[in-house]
Structures are given as structure tokens and as C-alpha cells.
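[1] Using only what follows, build the 3D model:
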Amino acid sequence: MVVTEKKGASVRQPAGKPYVLDIASFGRRPGTSAQVHRTVAAPDRLGVEMIAIEKGEEIDLDLQVQAVSEGVLVTGTVSADTAGQCARCLGPVDGAVNVFLTELYAYPDSETQRTTDEDEVFRVDDDMIDLEQAIVDAIGLELPLSPTCRPDCPGLCPDCGEPLADLEPGHAHDQIDPRWAGLAKYIDPDSAKPAGRPEADAR
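    Numbering: from 1, shown residues only. I've put the predicted structure just below:
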């Protein structure tokens, strides 16, 4: 697939590799650039424990790919719908993520490649750049670790575990002093009197 071209450059997608860009036409000419507009499917669940882009969900890429002296600079936006659970009430949370991506892919034998560890910068490999890991990392940093269904979500009742937002105002449970908990089985809940001990006959 050929994407929108600019300044005579073209970016191609190798078959079966939706996150890979073939930049052979750039020829390491600084200033050469192209726009990439593409929709890809999430290869796996992308995000954090409580919220993520589900596997197979569409991810929209709107990127500029530009040759610079040390490599290829990729900038632009990555957006997709998200789904997860509220960290307070465990109810569903739907939303969207919109990440601004800025990533340099270093040329082989460039000064950047020689002076940085392999895991500190992405690389141009055989005139191709792979966007997948950069997108995964950016999304993971953007999503909240503790998402909420609403800012004032009251969470769950600590006694019955039901969402407080669904319960009547003033919802509460009778609490027994732990010092007397062992005697609770002898109490008649209807009369609050010791069970099995009828009142003495009136004299």
C-alpha cells in the first residue's frame, strides 16, 4: 500500500506487516518526508491492567515520517477506543486514547546508534521501521493506572460489595462490636432478646 507522498518520497507497507514502513525511497536525504494515514488492528490487548485497547480494535495512525541526519523521525497521533474497569466500583469504563508519538529511528552506523544502547532508541533495519513497539509503549504510558467511571465514583460498599452509586442514600449495615461477636448467635434478630429464653411470667 502506498500512502500520501510529499517531497517525492513514498512509504510502502510490506505485505502482512501493517506496522512496518518501507522507507527505501528516502535515500537518507534529510528533509525528505511523507504523510502516513493508516488504520491497523491491535495485535494484542494494549494498555494497562484496568484499561486497554482490546485485541483486534482499530487503531488510527496519522503520522509524518521525515528523514533527518541521524535517522528517520516519526511524529503524529495514534488514536483508538479503549475499554476496561473502574478502579473503584469495578463497573465498565469505555473511552478513547489519543497519543502524540515522537520517535527517532536511528540509521545503521549513525552516531546515535553508536552512542546509545540497543533498548534506548529504535533502529532503521534494512530500510524499514517497525512502529509496533513504539505505539505499544506510548499507549501504556498514556492510559491511567486507576481509571474511574466518573470522577466522583463512590466505589463499593465495604460490607456487601455492591456499588454505592446503585444503593439508596444512607445505605449502611448494622455493626456488631467485635468484643461481642461471639454472642451474636444467641441473639434473636427480631426481638433483640436472647434466643430461647422467654420472658418471666408476670407476677
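
[2] Identify the residues contacting the residue nearest the centre of the chain.
    Centroid check for the chain by C-alpha atoms, centre = their mean gives Gly47 as the closest residue, at 3.0 Å. Neighbouring residues of Gly47 by C-beta atoms under 8 Å, 6 or more residues apart in numbering: Ile53, Thr82, Gly84, Val97, Ile139, Gly140, Leu143. For every residue, glycine as well, the C-beta is placed using N, CA and C.

[3] Dump those to JSON lines, plus distance to Leu104 and neighbour count.
    Below are these laid out as JSON lines (distance: C-beta to C-beta, whole Å; neighbours: other C-beta atoms under 10 Å):
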{"residue": "Ile53", "distance to Leu104": "24", "neighbour count": "27"}
{"residue": "Thr82", "distance to Leu104": "27", "neighbour count": "20"}
{"residue": "Gly84", "distance to Leu104": "31", "neighbour count": "21"}
{"residue": "Val97", "distance to Leu104": "22", "neighbour count": "20"}
{"residue": "Ile139", "distance to Leu104": "19", "neighbour count": "23"}
{"residue": "Gly140", "distance to Leu104": "19", "neighbour count": "14"}
{"residue": "Leu143", "distance to Leu104": "23", "neighbour count": "21"}
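
[4] quick one: the helices in this structure?
    For the chain, the helices defined by DSSP state H occupy 111-115, 132-142.

[5] Against which helices or strands is the first one packed?
    What it means is helix 111-115. The contact analysis (3 or more C-beta pairs under 8 Å, 6 or more residues apart in numbering; DSSP states H and E) places helix 111-115 against strand 92-106.

[6] Can you check what angle separates the strand it packs on from helix 132-142?
    Counting by axes from the mean of the first three to the mean of the last three C-alpha atoms, to 10 degrees, strand 92-106 lies at 130 degrees to helix 132-142.

[7] hang on, the earlier thing: pick the most deeply packed of the helices of the chain.
    helix 132-142 (a mean of 17; mean count of other C-beta atoms under 10 Å).

[8] what's that one packed up against?
    strand 46-47, strand 71-85, strand 92-106.

[9] Can you point out the buried residues in the last one?
    Along strand 92-106, these residues count as buried under the neighbour rule (16 or more other C-beta atoms under 10 Å): Val93, Val97, Val99, Leu101, Glu103, Leu104, Tyr105, Ala106.

[10] For Pro163, give me its contacts.
    Shown in contact with Pro163 (C-beta under 8 Å, 6+ apart): Cys89, Leu90, Gly91, Pro154, Gly155, Leu156, Cys157.

[11] for these, which one is nearest His37?
    Relative to His37, the closest of those is Gly91; by C-beta to C-beta it sits at 35.2 Å.
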